[in-house]
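*Asks:* Show me the folded form of this:
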Amino acid sequence: MEKLIIKGPTPLKGEVTISGAKNAAVAILPATLLINGICKIDNLPHISDVKLYCDILELLGAKITWHTPHEITIDTRNINCKADIVEITRKFRASYYLIGALLGRCGEVQVGLPGRL
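*Replies:* Got it, this is the predicted structure:
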């Protein structure tokens with residue numbers, strides 16, 4: 001096993017920015033559907049799954065405002081429970097998080113099976 005050994009009389013100091021975790025982001029974004037209001041989310045990773053989830057939320061009627069590449073506000077006060085999201089949810093595996101969120105918000109849900117294009 002390789003290791004890094006640092007020797008010297010000067011203590012290390014500085015700052016490290018920790019980026020957001022993909023697995024947390026793909027669970028948090030659909031959870032915004034569970035409230036009828038506005039959520040601010042920061043430290044989002046700038047990845048395709050986050051963008052795709054935002055596209056799905058917008059199809060459902062959410063208003064998304066990007067403040068920075070890693071910070072957004074999501075307004076879920078005008079969600080359309082009848083919006084057709086089946087095709088877009090087939091594009092990625094994390095779409096299953098929508099099932100619980102939409103059942104909680106709308107009482108019913110239809111999502112595509114991941115990978116079935």
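*Asks:* Break down this structure into its strands, ranges please.
*Replies:* In the chain, the strands defined using DSSP state E lie at 38-42, 63-68, 71-75.
*Asks:* can you give me the angle the second one makes with strand 71-75?
*Replies:* To tie it back to what came earlier, the one meant is strand 63-68. 170 degrees (axes from the mean of the first three to the mean of the last three Cα atoms, to 10 degrees).
*Asks:* Tell me which of the strands of the chain sits nearest to E15.
*Replies:* Using Cβ to Cβ as the measure, strand 38-42 is the one of the strands of the chain that comes nearest E15, at 16.9 Å. Quick note: C-beta positions are derived from backbone N, CA and C, even for glycine.
*Asks:* From the contact counts, what lies against the closest one?
*Replies:* helix 22-31, strand 71-75 (3 or more Cβ pairs under 8 Å, 6 or more residues apart in numbering; DSSP states H and E).
*Asks:* circling back to that earlier point, among the strands of the chain, show me which one is buried the most.
*Replies:* strand 71-75 (a mean of 18; mean count of other Cβ atoms under 10 Å).
*Asks:* Restrict it to CA atoms and write it as PDB.
*Replies:* C-alpha atoms of strand 71-75 as PDB (Å, rounded to 0.1, in the frame of the first residue of the first chain):
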ATOM      1  CA  GLU A  71     -26.900  26.600  -5.700                       C
ATOM      2  CA  ILE A  72     -30.600  26.600  -6.700                       C
ATOM      3  CA  THR A  73     -34.000  27.600  -5.500                       C
ATOM      4  CA  ILE A  74     -37.000  25.300  -6.300                       C
ATOM      5  CA  ASP A  75     -40.600  26.600  -6.100                       C
END
